[in-house]
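Participant: got a structure for you, letters missing:
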């Protein structure tokens, strides 16, 4: 890895944007805080929660998940990959006394696994809501409560105007708001200032694409090593890199071995 390179990206980190002394001169303070150069990450006016992934924090405005704002997590495997990504940040919040409220997860949260990841079960609230209207209503009510909490809501069906309303509600709260949506939603308009596509890799890693942020476009894949806590102590070095095993099994059949003709089939004559 080259000096000052972000792990998993192969690129140097971006310098956070600071107050622009030339372009923002003479403007109100609130306006100056909302300005940033196109090649820099925006200065985050609100508080942030460190994601627990240094490589990801280096690519997020303010170096963490934004508070008082919605963040969209787009995935083809809803209900699985989000926990792997969010657990480090949620663990930090629960240790600080905040609650974690989840709304309408597609699968029942496996509490022993979350506790193993360090989440305090006494600060974990699960709201079971099936209908899209119920999930949206519960999310809006929580955002209006202005409580010190993290909200994780699964909203597979939500319209752009509803996202704008949620963004306005989130600005009155105090914690981060994560909206988990299907991967196909990446082509839809969204008022979320931050949109991240999340998937799995072969070698126990998360693959992230930052689709939208307040800063320059992210044109790559961020790879985060993420061996589940229960497997880290039992996996052998070979099983920590399954892609190498698969490559070795396929390589002789693809490169170094001639194709073996199939034996002719014999059909018994009917008597």
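Facilitator: All right, it came through fine. In this text the structure is predicted, and so the values were computed from the model without any measurement.

Participant: Point out where the protein drops to low pLDDT.
Facilitator: Segments of the chain classed as low confidence (criterion: pLDDT under 70) are 1-26, 29-45, 146, 227-271.

Participant: how about the strands in it?
Facilitator: Secondary structure of the chain (DSSP state E): strands at 48-49, 65-66, 70-75, 99-103, 124-127, 149-154, 177-182, 194-200, 205-212, 222-225.

Participant: list the buried ones in the last one?
Facilitator: Okay, so that is strand 222-225. If you call a residue buried by 16 or more other C-beta atoms under 10 Å, then strand 222-225 has these buried ones: 222-224. The way it works is simple: take the backbone N, C-alpha and C, and place the C-beta from them, glycine included.

Participant: Quick one: those residues as TSV, columns for distance to residue 133 too.
Facilitator: Listed next are these as TSV, based on distance: C-beta to C-beta, whole Å:
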residue	distance to residue 133
222	35
223	38
224	35
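
Participant: For residue 98, state which of those is nearest.
Facilitator: residue 224 (23.1 Å; C-beta to C-beta).

Participant: Contact partners for residue 163?
Facilitator: 70, 179, 190-192 (C-beta atoms under 8 Å, 6 or more residues apart in numbering).

Participant: cool, residue 188 as well?
Facilitator: Residue 188 neighbours (C-beta under 8 Å, 6+ apart): residue 160.

Participant: Return the distance of it relative to residue 96.
Facilitator: 34 Å (C-beta to C-beta, to the nearest Å).

Participant: thinking again about what came up before, selecting buried members of the contacts of residue 163 in PyMOL, what would you type?
Facilitator: The PyMOL selection below is limited to those of the contacts of residue 163 classed as buried (16+ other C-beta under 10 Å):
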select buried, resi 70+179+190+191+192
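
Participant: isn't residue 190 right next to residue 72, touching?
Facilitator: Yes: between residue 190 and residue 72 there is a contact at 6.1 Å, judged by C-beta atoms under 8 Å.

Participant: okay, the strands of the chain in JSON lines with distance to residue 134 next?
Facilitator: Formatted as JSON lines, the strands of the chain follow (distance: least, C-beta to C-beta, whole Å):
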{"stretch": "strand 48-49", "distance to residue 134": "27"}
{"stretch": "strand 65-66", "distance to residue 134": "25"}
{"stretch": "strand 70-75", "distance to residue 134": "18"}
{"stretch": "strand 99-103", "distance to residue 134": "9"}
{"stretch": "strand 124-127", "distance to residue 134": "9"}
{"stretch": "strand 149-154", "distance to residue 134": "11"}
{"stretch": "strand 177-182", "distance to residue 134": "15"}
{"stretch": "strand 194-200", "distance to residue 134": "24"}
{"stretch": "strand 205-212", "distance to residue 134": "27"}
{"stretch": "strand 222-225", "distance to residue 134": "33"}
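
Participant: Deepest-packed of these, please.
Facilitator: strand 65-66 (a mean of 26; mean count of other C-beta atoms under 10 Å).

Participant: what helices or strands is that one leaning on?
Facilitator: If contacts are counted by 3 or more C-beta pairs under 8 Å, 6 or more residues apart in numbering; DSSP states H and E, strand 65-66 sits against strand 48-49.

Participant: who touches the strand it packs on?
Facilitator: With C-beta under 8 Å, 6+ apart as the criterion, strand 48-49 contacts 60, 62-67, 89, 92-93, 150, 175-176.

Participant: Closest one of the residues you listed to residue 213?
Facilitator: Distances from residue 213 to the contacts of strand 48-49, taken by C-beta to C-beta, are shortest for residue 60, at 6.9 Å.

Participant: quick one: the closest residue to residue 87 other than its chain neighbours and residue 201, what's the gap?
Facilitator: Once flanking residues are discounted, residue 87 sits nearest to residue 117: 4.3 Å by C-beta to C-beta, 6 or more residues apart in numbering. Taking C-beta to C-beta as the measure, residue 117 falls 19 Å from residue 201.

Participant: Residue 50 now?
Facilitator: 23 Å.

Participant: Do me a favour and get the end-to-end distance for stretch 47-66?
Facilitator: Using C-alpha to C-alpha, to the nearest Å, the end-to-end distance of stretch 47-66 comes to 6 Å.

Participant: I'd guessed residue 138 sits against residue 126; true?
Facilitator: No: checked against C-beta under 8 Å, the pair residue 138 and residue 126 is beyond contact range at 11.2 Å.
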